[in-house]
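Enquirer: Okay, structure incoming, though there's no sequence with it:
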């Protein structure tokens, strides 16, 4: 069941805050990655590269958790649990959007000259927990 995001959750997701994203390893252990994060409607969006550990984990088990704690209010947080879907459509555009928001640069240059395939991860929230 999809859970809508509150206005406060949307406001936090619209800021360039780092998040910790958890996926599930084949043995059931959590795997954590620090990610840039954004929002499109009530969905959370993350960029990754095809073949990375979180990508392969989400192919096998699409359940994810994202935790955001603002740098200016570290004891406040937003936890979003949900189901991930992935697509290559819009992958380069999303990472460039994040480069503008997080780095103030027009393009993301971390993967130039590689054959990496950028993927958009869309997380549909099934549970949202906030602490203010």
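Expert: Cool, the structure landed. Treat the numbers as computed from the prediction; the structure is a model and nothing was measured.

Enquirer: Can you pull out the low-pLDDT segments for this protein?
Expert: Within the chain, the stretches falling below the threshold (pLDDT under 70) are 112-113.

Enquirer: which ones are touching the most centrally placed residue in the chain?
Expert: Most central in the chain under CA atoms, centre = their mean is residue 46, positioned 3.2 Å from the mean C-alpha point. For residue 46, the contacting residues are 19, 21, 35-38, 66, 120-121, 123, by CB atoms under 8 Å, 6 or more residues apart in numbering. Using the backbone N, CA and C atoms, a C-beta is placed for each residue, glycine as well.

Enquirer: Need the nearest residue in space to it, chain neighbours excluded.
Expert: residue 121 (4.3 Å; CB to CB, 6 or more residues apart in numbering).

Enquirer: How much space separates that neighbour from residue 107?
Expert: The span separating residue 121 from residue 107 equals 20 Å under the rule CB to CB, to the nearest Å.
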